[in-house]
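Q: only the shape, not the letters, is given here:
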């Protein structure tokens, strides 16, 4: 009996030792690393200030100018500066035109003298028939004067009075003799109008040529 108990005890102890010698179970692998955190979002644009009175966006206040001038003074100052610039530009243009016409002065004098002579010729007319005779007699001279006039400023824009010459020559070929003839029939208005136009341009040309003559080279 004792022997049997001893055998059973030995078997039990062996079994326990055998179980203790078994390997421990493998540890579980570590969890995967967490993904990197996303970059912080850009800050949202600040919303415009809201006016509590009417729930509308508040307007930015205008900064007052620091020049010490009132609005009326600033407007007057701007107009003065604009006028000064315009005067300077006009003076520069006048100087350019003077310099150009100074170099063409002899031709100017010839053209203007021919225009005045053609106009004076009509003063001799007493009837419509006289007007037509004078018109026909001097038409070739007027045409030749027109060709000479073109040599003054062939590219245009450089002489101050070539346009006036052209208008006067055309009037002396057409409008003036027609108006003069009509005046002998009692219609004076056309002659008054064309005479006023010729007088105005004559005055301008005389004044300009005097200025050109006096200008320094």
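A: Structure received. Since we're looking at a predicted model, the values are computed, not measured.
Q: the longest helix seen in the chain: which residues count as buried?
A: For the chain, the helix with the greatest residue count under DSSP state H is helix 71-102. Buried positions in helix 71-102, judged by neighbour count with 16 or more other Cβ atoms under 10 Å: 97, 98, 100, 101, 102. Every residue, glycine included, has its C-beta placed from N, CA and C.
Q: chain center to it, what's the gap?
A: Mean-position distance between helix 71-102 and its chain equals 17 Å (Cα atoms, centre = their mean, to the nearest Å).
Q: please apply the same query to stretch 198-217.
A: Stretch 198-217 has its C-alpha centroid displaced from the chain centroid by 33 Å (Cα atoms, centre = their mean).
Q: got a list of contacts for it?
A: Stretch 198-217 is contacted by residues 98-99, 101-102, 105, 108-109, 112, 116, 119, 160-161, 164-165, 167-168, 171, 176 when judged by Cβ atoms under 8 Å, 6 or more residues apart in numbering.
Q: quick check on the residues you listed: which are buried?
A: Taking 16+ other Cβ under 10 Å as the criterion, what is buried in those is 98, 101-102, 108, 112, 119, 160-161, 164-165, 168, 171, 176.
Q: just give me the neighbour total for residue 140.
A: Applying other Cβ atoms under 10 Å, we find 9 residues neighbouring residue 140.
Q: and it, how close does it get to residue 178?
A: Per Cβ to Cβ, to the nearest Å, residue 140 is found 19 Å from residue 178.
Q: show me where pLDDT drops low in the protein?
A: 1-65 (pLDDT under 70).
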